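Novice: Quick check, what structure comes out for this input:
(2 chains)
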There are 2 protein chains.
Amino acid sequence: MSYFLPHIDAMSGYVPGEQPRGRTFVKLNTNENPYAPSHRVAEAMMPILLEGRLRLYPDPVGTRFCETAAKLHGVHPDQIMTGNGSDDILTILTRAFAGPGRPVASAQPGYILYETLAQIQNAPFRSVEYPVNWTLEPEHLRDLENPAMFYLANPNSPSGTAMAPDQVAKLAEALPCPLVVDEAYADFADTNCIELVKTHPNVIVSRTLSKGYALAGLRLGYCIASAEIIAGLNKVKDSYNCDMLSLAGGIAALEDQAWLRDTRARILATRERLATFVAELGYLVPPSQANFVWCEGGPPAEEVYKALRERDILVRLMRYPGREPALRITVGTDEQIDFLETALREIV
Amino acid sequence: MSYFLPHIDAMSGYVPGEQPRGRTFVKLNTNENPYAPSHRVAEAMMPILLEGRLRLYPDPVGTRFCETAAKLHGVHPDQIMTGNGSDDILTILTRAFAGPGRPVASAQPGYILYETLAQIQNAPFRSVEYPVNWTLEPEHLRDLENPAMFYLANPNSPSGTAMAPDQVAKLAEALPCPLVVDEAYADFADTNCIELVKTHPNVIVSRTLSKGYALAGLRLGYCIASAEIIAGLNKVKDSYNCDMLSLAGGIAALEDQAWLRDTRARILATRERLATFVAELGYLVPPSQANFVWCEGGPPAEEVYKALRERDILVRLMRYPGREPALRITVGTDEQIDFLETALREIV
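Specialist: Reported below is the predicted structural model:
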């Protein structure tokens, strides 16, 4: 006999990308930023540590963080909710909108976590297939039966492609439910959908500091939506979901836009090099607006993955229904990508 | 038209204890530890900050933290799961076990959050009333209709009382479901129920570093249960629910048991003084095993709360059905409690 809910017993659980311990890899598998975060992040934490302020609870709604994010994005602070990473944001959204008879919808190949979140919530999961140009049109959504929410990773993982805001607006208009635009990788893209929040009341944008701001270890994300939606979501989140250090560090990170600009420029230059040589090796690489490239076709992904692993290089091998296994490779430093290129040219 | 699930729309949301901003209070309302945490906590974080390691994801299961907690409590590391504060642990437990037709049960007056967690999960909430001696017997549970889980805060909030482990064992044996012993305040108690995890497969113990270890701002908790239960719970938790700084700081905190012993001794001495003079003022104060005292009867709680607030002293005014409003007062430093005593003797 199990104490667990039957749908929890039935699920297998999300498996995150490997976080190796006890062995040093060139780690190009979980889309971490290869550069250290802004030094202002640590500086902002120091007074908290030195003054023993961790004994106190953090501000439950992260008022100052929300004010900072609101200013950056040109929205009202009431339109921001903080999360313990954007995973927490996605969990809160799923718990607020989905459940039995209230399906979670998304597009495939996409971010695998959305289906796991639906499973935990005992909600049906419905997905549509991306067309070859990785751009969804309203007619692609036609067969979704009454979705309660739609997750659009934009830029998308694993493809790295991004849909233009006017295309996303068309989806929002076609959907009877919230459209969650998961912009985890938007710091590396040319555009984003934050303006749509002002014109489309069903658009919710999710952001993280893990990728662009190099703070995956800190767990800080936020979402931007109408004040009404944020008020409802706040009922679902844990009261103190963001700790004092991450809120202080997150404010400092958002305020250091010069750091973001420089780091982004470096990563985009390296992305260009990476995309070029993997294409030369025979992979089909959709145009990436993220800090990774997706390599389909070309030399067999599973063998290449293993051969790279033997050379202490970790990339992500991913399998999606109806497609050959393929590789998602994070944009590392130039040195890391040189090392990868040398290895790949030996292997294939 | 609302996009939210009907049960989310219907609920009002948990209101945490006031975290004042922009005004300095003697803060005796949310059971924070009045002393700064062990300096080893900050020291453990420094290498992460100095080496820019926040760019990487944390260990998703907090392996080293679990090993440290397991060693401290004499259990296997597979019997520990980390949480973003014990709030996160309680959320995960509720999502794993409760839902429509799967009630959450608890005892009243108790920790208000349990009912909120049931509401978010759309689970019925059933409660039994504590008898005057604050000790539940199996017969008190008789009328609970098929609970899917039972939350026992032990020590209890708001009463501060604790049930002995052999009494808790009797409840575990009488229940058809997991018994979650929420030991948020156990660091201030004479006993705890961790040994029951070894003998009673339905016992789950929840712990936090917020109170005893003075790390409310860090958000770190954990639970102890059978390896089977922990494996199931891990499917429900967010992959990276604990950040790198809190895991490192948490290990350092658990390893500094000398700090805990000293701080605990100071708080227990002050608790004795506090309990004595509020009793002299006419309050009924159950014997506290926590870092707060519960003041029922005596001078009218609402007026006293307001008069204290005017004197920049914040305590918690709490209302439970069928009872007069009462005060929960956190054990502060001796200086804070002197200040409170002077104020109270003026007021009443």
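Novice: For the rest of this, base every contact and every neighbour count on C-alpha atoms.
Specialist: OK.
Novice: what about stretch A:109-119, near chain B?
Specialist: No. Counting by CA under 8 Å from any CA of the partner chain, chain B is not contacted by stretch A:109-119; separation bottoms out at 8.7 Å.
Novice: same question, stretch A:5-20
Specialist: Yes. Stretch A:5-20 comes into contact with chain B (CA under 8 Å from any CA), by way of A:5, A:8-9, A:11-16, A:19.
Novice: Next, the distance between the ends of that stretch.
Specialist: 32 Å (CA to CA, to the nearest Å).
Novice: how about that stretch: buried residues?
Specialist: Neighbour-count burial for stretch A:5-20 flags A:5, A:8-9, A:13-14 (criterion: 16 or more other CA atoms under 10 Å in any protein chain shown).
Novice: got it, and stretch A:317-330?
Specialist: Quick answer for stretch A:317-330 (16+ other CA under 10 Å): A:317-318, A:325-330.
Novice: that older thread, helices - which of the residues of stretch A:5-20 next to chain B land there?
Specialist: If you go by DSSP state H, those have A:8-9 in helices.
Novice: Looking at the residues of stretch A:5-20 next to chain B, which gets the smallest pLDDT?
Specialist: Across the residues of stretch A:5-20 next to chain B, the smallest pLDDT goes to residue A:19, namely 78.
Novice: Tell me which residues touch it, please.
Specialist: Shown in contact with residue A:19 (CA atoms under 8 Å, 6 or more residues apart in numbering or on different chains): B:57-60.
Novice: For residue A:227, give its distance to residue A:169.
Specialist: 19 Å.
Novice: next one: residue A:16
Specialist: Taking CA to CA, one finds residue A:16 at 31 Å from residue A:169.
Novice: Likewise for residue A:20?
Specialist: Residue A:20 is 40 Å from residue A:169, by CA to CA.
Novice: got the residue ranges for the helices in the stretch 101-250 of chain A?
Specialist: A:113-120, A:165-174, A:194-199, A:227-236, A:244-255 (DSSP state H, counting those that start in this stretch).
Novice: Any idea which of the ones you listed gets closest to residue A:42?
Specialist: When the helices of the stretch 101-250 of chain A are compared by CA to CA, helix A:244-255 sits nearest residue A:42, at 6.6 Å.
Novice: Go ahead and produce CSV holding the CA coordinates of stretch A:180-196.
Specialist: Output of stretch A:180-196 as CSV, limited to C-alpha atoms (Å, rounded to 0.1, in the frame of the first residue of the first chain):
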residue,chain,number,x,y,z
VAL,A,180,3.1,31.5,-20.3
VAL,A,181,6.1,32.8,-22.3
ASP,A,182,9.1,31.1,-20.6
GLU,A,183,11.9,33.5,-21.4
ALA,A,184,14.6,31.7,-19.5
TYR,A,185,17.0,32.4,-22.4
ALA,A,186,15.7,35.8,-23.5
ASP,A,187,18.8,37.6,-22.3
PHE,A,188,20.5,36.0,-25.3
ALA,A,189,17.8,36.9,-27.8
ASP,A,190,17.1,39.9,-30.0
THR,A,191,13.6,40.4,-28.8
ASN,A,192,11.3,39.5,-25.9
CYS,A,193,7.6,39.5,-25.1
ILE,A,194,7.3,41.7,-22.1
GLU,A,195,5.5,44.4,-24.0
LEU,A,196,2.7,41.8,-24.7
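Novice: May I have stretch A:37-50 exported as PDB, CA atoms only?
Specialist: Output of stretch A:37-50 as PDB, limited to C-alpha atoms (Å, rounded to 0.1, in the frame of the first residue of the first chain):
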ATOM      1  CA  PRO A  37      28.400  36.600 -12.200                       C
ATOM      2  CA  SER A  38      28.800  40.400 -11.600                       C
ATOM      3  CA  HIS A  39      31.000  41.000  -8.500                       C
ATOM      4  CA  ARG A  40      28.200  43.300  -7.300                       C
ATOM      5  CA  VAL A  41      26.100  40.200  -6.400                       C
ATOM      6  CA  ALA A  42      28.500  39.100  -3.700                       C
ATOM      7  CA  GLU A  43      29.000  42.700  -2.500                       C
ATOM      8  CA  ALA A  44      25.300  43.100  -2.000                       C
ATOM      9  CA  MET A  45      25.200  40.000   0.200                       C
ATOM     10  CA  MET A  46      28.100  41.000   2.400                       C
ATOM     11  CA  PRO A  47      26.200  43.300   4.800                       C
ATOM     12  CA  ILE A  48      23.600  40.600   5.400                       C
ATOM     13  CA  LEU A  49      26.300  38.100   6.300                       C
ATOM     14  CA  LEU A  50      28.400  40.400   8.400                       C
END
